[in-house]
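J.: Task: produce atomic coordinates for the following.
(one chain, ligands or ions: 1)
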Amino acid sequence: KERTLAMIKPDGVVGNYSEAIRKVVVDSGFSICKEMTIQLDEDRASIFYSEHSSKSFFSSLIRYMTSGPVLVMVLEKDNAITDWRTLIGPTDASKAKITHPHSIRAMCGQDSQRNCVHGSDSLQSAEREISFFFDDKYSC
Ligand code: ATP
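T.: Residues are numbered from 1 along each chain as shown. Reported below is the predicted structural model:
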């Protein structure tokens, strides 16, 4: 089975979407191997999103990601990476509300920044992101 890192971002946690999202996760056939609530500081958030460090929205992204706690989960199922990305919908939540109304970002996101959830986009990033948050990436 494949693993991916899912995150409920600060707007999702503060907006009280954690339970609703957890229900979608389980109803969609994922098992939640690990789960942790954590407050990212500027350094950790900048490392997590280092691929975007040259983007114009980077400082705003870091402010958003450090504005409150996030809930990170290791999800497991066949095809977990692609299936979770499909379930969360497109990056811009305001567009997701129109084009993917049943997606998680349509349910709890606002716009291209405040999109309430994250999902690893490849096997390589899943491994990196799982070990970013959890010591033992192999045990469930
Ligand atoms: P994530 O990596 O969080 O799952 P994603 O892969 O859909 O999201 P990326 O392009 O990797 O999107 O961007 C990472 C995050 O940066 C987005 O989830 C969003 O919070 C923020 N972001 C992306 N594009 C913009 C933008 N144009 N303006 C503001 N914030 C943005």
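J.: CA only for contacts and neighbour counts going forward, please
T.: Noted.
J.: What residues of the strand or helix carrying residue 11 count as buried?
T.: Here residue 11 sits within helix 10-14, counting by DSSP states H and E. For helix 10-14, a neighbour-count test (16 or more other CA atoms under 10 Å) marks 10-13 as buried.
J.: swap in stretch 89-108?
T.: For stretch 89-108, burial by neighbour count (16+ other CA under 10 Å) applies to 89-97, 100, 103-108.
J.: Skipping adjacent residues, who's closest to the residue most central in space within the chain in space?
T.: Nearest residue to the geometric centre of the chain (CA atoms, centre = their mean): residue 118, 2.0 Å. With CA to CA, 6 or more residues apart in numbering as the criterion, residue 118 has its nearest non-adjacent residue at 4.9 Å, and that residue is residue 7.
J.: what sits up against the helix or strand hosting the one you found?
T.: Element membership of residue 7, judged by DSSP H and E, is strand 2-8. Here strand 2-8 makes contact (CA atoms under 8 Å, 6 or more residues apart in numbering) with 18, 70-81, 84, 116-120, 123, 126-127, 129-130.
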